[in-house]
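Asker: Fold the following.
(one chain, ligands or ions: 2)
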Amino acid sequence: MFEQDKEITIAIIISTGLMIIFVGIIIAAIVKYQRRTRKYLQEMSNLKIRYQEETIKAQIEKEEQTLNRISQEIHDNIGQILSLVKLNLNTLELSDCDCTVKNKITSTTDLVGKAINDLRQLSKSLNSQHLSSGYLSDSLKTELEIMNKTGIYDADVKVTGEEKPFSPQKQLIIFRIAQEALNNIIKYAKADHISISLIYFPQLLDLFIVDNGVGFNHTIDDTKEPKQSGTGIENMYHRANLIGATIEIKSVIGNGTSVHLSIPVN
Ligand SMILES: Nc1ncnc2c1ncn2[C@@H]1O[C@H](COP(=O)(O)OP(=O)(O)OP(=O)(O)O)[C@@H](O)[C@H]1O
Ligand SMILES: [Mg+2]
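Answerer: Numbers count the residues shown, from 1 in each chain. Ligands and ions are numbered 1, 2, ... in the order given. Okay, here's the model as predicted:
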């Protein structure tokens, strides 16, 4: 009888042990499966992010190529034709002309000269090679000079701290973000004052573009991306993402808009 009890106990112990091992194996398999699924999902999400980044990069490159072509056309073609027009006007013999004709030709020559200068500046602001070399503040100053010349705006650039150069690609992306903010001011803000501030910290550049215009309702959803009609602001966020920067847009109806870009310096 005692022997039989012992055998039953041993059988129970062995079967319990086997059961524990079996359950252990099942748990380990489940954990392994979950880990593998998590890793797979993580890889898929990384791949998706990389794909999105590559798409945006390709889109930006295509845009840059188009802008460069327009810049070249303006510089080489239209610029050259206007220079020839100016040359022709300058070679006109005016000594026998009456005063009105002389004045008209002189003022036309001046206007053509002004158009040549404005187009040269426009060509520069479209050309990526020009924009990505030199300091960011200089490119922004040139951009604001064009706006100031319209007589509508009083715009200025203020630099605080020691200005540091960025890599050409990064500088171009920052400039294009600022350019979109300025384009929006021209199109919608009805502002008369624009201020750009570049505040350099050892590891960070804070760039503010502020207008005193009409403002707008700027809504941000959970993905931190705005829902607006055009693609300009959306592209600003995508571009900022590419260079590890963040954007904060604050706008108050009737009280202007501020675009704050925070860019890591290295
Ligand atoms: N500085 C600003 N002042 C007033 N409204 C603005 C300003 N910036 C943007 N907006 C508003 O935000 C909207 C979205 O701007 P966004 O740049 O995304 O598109 P868009 O300029 O209309 O088109 P796109 O940039 O694609 O040509 C504009 O339609 C405008 O109503
Ligand atoms: Mg826009």
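Asker: Can you name the residue of the stretch 1-150 of the chain nearest ligand 2?
Answerer: Using CB to the ion, the closest approach of the stretch 1-150 of the chain to ligand 2 is made by residue 63 at 13.4 Å. Using the backbone N, CA and C atoms, a C-beta is placed for each residue, glycine as well.
Asker: quick one: low-confidence ranges for this protein?
Answerer: 1, 220-228 (pLDDT under 70).
Asker: near ligand 1, which residues of the stretch 101-250 of the chain?
Answerer: The stretch 101-250 of the chain comes close to ligand 1 at residues 184-185, 187-189, 211, 213-216, 228-233, as judged by CB under 6 Å from any ligand atom.
Asker: One more pass at 8 Å, please.
Answerer: Listed as neighbours of ligand 1 in the stretch 101-250 of the chain under the rule CB under 8 Å from any ligand atom: 180-181, 183-185, 187-191, 211, 213-216, 218, 226, 228-236, 249.
Asker: Restricting to these, which residues neighbour ligand 2?
Answerer: 184, 230, 232 (CB under 5 Å from the ion).
Asker: if we can go back for a sec, please see if the helix or strand hosting the residue of the stretch 1-150 of the chain closest to ligand 2 touches ligand 1.
Answerer: Using DSSP states H and E, residue 63 sits in helix 2-72. No: Helix 2-72 is not in contact with ligand 1 by CB under 8 Å from any ligand atom; minimum separation 11.9 Å.
Asker: Next, count neighbours for the residue of the stretch 1-150 of the chain closest to ligand 2.
Answerer: For residue 63, the count of nearby residues is 13 (other CB atoms under 10 Å).
Asker: Go ahead and build a ChimeraX selection from the buried members of the residues of the stretch 101-250 of the chain next to ligand 1.
Answerer: Listed next is the ChimeraX selection for buried residues among these, using 16 or more other CB atoms under 10 Å:
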select :180,181,184,185,189,191,211,213,214,215,216,218,233,235,236,249
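Asker: Nearest residue to residue 207 in space, please, no chain neighbours.
Answerer: Spatially, and ignoring its direct neighbours in sequence, residue 207 is nearest to residue 261 (4.3 Å; CB to CB, 6 or more residues apart in numbering).
Asker: Show me which positions of the helix or strand where the one you found lies end up buried.
Answerer: In this structure, residue 261 sits in strand 257-264 according to DSSP H and E. By neighbour count on 16+ other CB under 10 Å, the buried set for strand 257-264 is 257, 258, 259, 261, 262, 263.
Asker: Also stretch 58-70?
Answerer: The neighbour-count check on stretch 58-70 (16+ other CB under 10 Å) flags 60, 64, 67, 68 as buried.
Asker: Looks to me like residue 152 is in a strand.
Answerer: No: judged by DSSP: H, G, I helix; E, B strand; the rest coil, residue 152 forms no part of a strand; its state is coil.
Asker: Pretty sure residue 193 is one of the things it touches, is it not?
Answerer: No: Residue 152 is beyond contact range of residue 193, at 10.3 Å (criterion: CB atoms under 8 Å).
Asker: Thanks a lot, catch you later.
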